[in-house]
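Student: Predicted model and sequence below, questions to follow.
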Amino acid sequence: MDNTNQKKALINGEIALFLRGLIIGKVLTLMVIGGLLWWLLKPNLLSRSSVNSSSNQSSNALSSTASTFQTVADVPTASFNYGGSTAWASIRQLVDSQIQSARPELQLRYVDPVNGSPGSSSGIRMLLDGKLDFVQSSRPLTGEEQAMARERGFTLEQRQVGMDGIAVVVNPSLNVSGLTVNQLQKIYLGQITNWNQVGGPNLPITPFSQQPKDADTVIFPTNSDLKEQALSSNVQYVYSTTEAVRQLSKTPGGVYYASARSVVPQCSVKALPLGLTSGQLIPPYREPMVSPEQCPRQRNQLNTQAIKNRSYPIIANLFVIIKQNKGREQQIGDAYGKLLLTDQGQRAIEQAGFVGVR
C-alpha cells in the first residue's frame, strides 16, 4: 500500500471515529436533558397525582354518604295494600319496582276502588275506611278528611315527596293562546261557555273532569269559597285521564285538566300556557313546543324549572298519606315516605318525570 492510500484509510478512520463520537455525544446530551426535565417536573407530577387521588377519595366519600333504599331502617317485612293518585303511575312503574327489587322483604300491591275511579280522593277515602295501608296523593288533605280521621280515632299525616304541575289540555286544532287560572275556574263553573270569551274561536266549550269525589287533582284551592260551588251542568265526567284524552281528540271544543306529567307528553292533545294574568302565561312544557306532527318521534317534556321555582301557577304537591295509629299502617307509610325521600328515591322520582323536593 502506497503513502497515498495509507493517508486515505487514515482519514476515513478518523472520520468514522468522529461521527461515532458525535452520535454518542448527542445521545448522552439528550439523556442528560431528559433527566433534568424529569427532575424538574417530578414535583408537579406528584402534586397532580395527589390532587387526583384526593378528588377520587372525595368522590367516593360523597357516594358513600348518599342515602339509598338499603340505608332505610325499620322497613316492615310483609305485603301491603296501597292506592290513590293515577298521576303517580310512572312512580309505581319505575320507583316502586326499584324499591321492591332493593328491599324484597317489602311487597306492595296497588288496589283500585270497587266503586268509582282511582284517584287521590278515592284512595284517601279507602284509607279512612281501613281498605288501604297508605295512599299516594296529588293533592293535600282537606279539613273534612282530617276531621273524619279524628272521629275514627287516628290522624292523617301528609308527607311531601315530590312536585308536579296541573296542565290544561285541549284539542290540537283549537287556536287559543292560553288561559288564566280564573278563566279556567270560570269554565268549570259554567260562567265561561264559549272559546271566543277567552280570545279563541266561536266554539262552545266542552269541559271534561273526573267526578269531584274521586278527583285526582284540583283547580280550586282547598281553602277557597269556590271549592264549595257546584261544577257546571256542561261538565262531562270521565273515569280517567286516558278516557279524557281520548274524548278530547274527538271534541274540537273540549278541555281537561290533569297532572302535567301525565298529559304534557301526549300526542293527541295540546297543553295550554297558564297564568295568574293573561300577560304572564307560562307553558307546562319546555319550549319550543313539539307539534302533533312531530309526535311520537319527539314528545313535549315537563317544564320542571317553572314547577321547581313555582312560577307555574298551579302546582300539585305529591304526598304520601300516612295513618297515624301506632299500627302496621303507620309503620309502612312512614317507611315508604322515607324510601322516597332518600337520595336514590328522589333521583328515581325525577327519572319518573316529576320534580324532587330535596
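Tutor: On my side now, so go ahead. Residues are numbered from 1 along each chain as shown.
Student: where's Arg159, which helix or strand?
Tutor: Assigned by DSSP states H and E, Arg159 falls within strand 155-170.
Student: Identify the residues contacting the nearest residue to Ser311 once chain neighbours are set aside.
Tutor: Once flanking residues are discounted, Ser311 sits nearest to Ile282: 6.0 Å by C-beta to C-beta, 6 or more residues apart in numbering. In this view, the C-beta of every residue, glycine as well, is placed from N, C-alpha and C. Neighbouring residues of Ile282 by C-beta atoms under 8 Å, 6 or more residues apart in numbering: Pro273, Leu274, Gly275, Asn303, Ala306, Ser311, Tyr312, Pro313.
Student: Now, of those residues, which are buried?
Tutor: Among those, those that count as buried by neighbour count (16 or more other C-beta atoms under 10 Å) are Pro273, Leu274, Gly275, Asn303, Ala306, Tyr312, Pro313.
Student: Any regions of the chain where pLDDT drops low?
Tutor: Counting by pLDDT under 70, the chain shows low-confidence ranges at 1-64, 222-228.
Student: how about the residue nearest to the spatial centre of the chain, what does it touch?
Tutor: With distances taken as C-alpha atoms, centre = their mean, the residue of the chain nearest its centroid is Phe354 (2.2 Å). Contacts here follow C-beta under 8 Å, 6+ apart; on that basis Phe354 touches Ser90, Ile91, Gly162, Met163, Asp164, Arg261, Leu302, Leu318.
Student: can you do 10 Å?
Tutor: Shown in contact with Phe354 (C-beta atoms under 10 Å, 6 or more residues apart in numbering): 87-88, 90-91, 95, 161-165, 259-261, 302, 304, 307, 316, 318, 346, 348.
Student: For the residue nearest to it when sequence neighbours are not counted, list the residues it contacts.
Tutor: Across the structure, with C-beta to C-beta, 6+ apart as the measure, the residue nearest Phe354 apart from its sequence neighbours is Gly162 (4.5 Å). Under the criterion of C-beta under 10 Å, 6+ apart, the contact partners of Gly162 comprise 88, 91, 95, 138, 261, 307, 316-320, 340-341, 345-346, 349-350, 352-358.
Student: Among those residues, which lie within helices?
Tutor: When DSSP state H is applied, those are split such that Ile91, Val95, Arg261, Ile307, Leu340, Gly345, Gln346, Ile349, Glu350 fall in helices.
Student: Okay, helices next: where are they in the chain?
Tutor: Assigned by DSSP H, the helices in the chain fall at 3-65, 89-102, 120-128, 143-151, 181-189, 241-248, 260-263, 304-308, 328-340, 343-351.
Student: Please state the offset of the shortest one from the chain centre?
Tutor: Okay, so that is helix 260-263. Using C-alpha atoms, centre = their mean, to the nearest Å, the distance from the centre of helix 260-263 to the centre of the chain it belongs to is 11 Å.
Student: packing partners for that helix?
Tutor: Other elements packing on helix 260-263 under the criterion 3 or more C-beta pairs under 10 Å, 6 or more residues apart in numbering; DSSP states H and E are helix 89-102, strand 155-170, helix 241-248, strand 270-272, helix 304-308, strand 315-324.
Student: Identify the residue nearest Leu341 in space, chain neighbours excluded?
Tutor: Nearest non-adjacent residue to Leu341, counting by C-beta to C-beta, 6+ apart: Val161, 5.8 Å away.
Student: Number of residues surrounding the one you found?
Tutor: For Val161, the tally of surrounding residues (other C-beta atoms under 10 Å) stands at 24.
Student: how close does it sit to Phe134?
Tutor: Val161 sits at a distance of 12 Å from Phe134 (criterion: C-beta to C-beta, to the nearest Å).
Student: got any residues that touch both of the two?
Tutor: With the criterion set as C-beta under 10 Å, 6+ apart, the overlap between the contacts of Val161 and Phe134 is Val320, Tyr336, Gly337.
Student: Serialize the residues you listed to TSV and add fields for distance to Val170.
Tutor: Formatted as TSV, the shared contacts of Val161 and Phe134 follow (distance: C-beta to C-beta, whole Å):
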residue	distance to Val170
Val320	32
Tyr336	36
Gly337	36
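Student: Tell me the one among the residues you listed nearest to Thr206.
Tutor: For these, the residue nearest Thr206 by C-beta to C-beta is Val320; the value is 35.0 Å.
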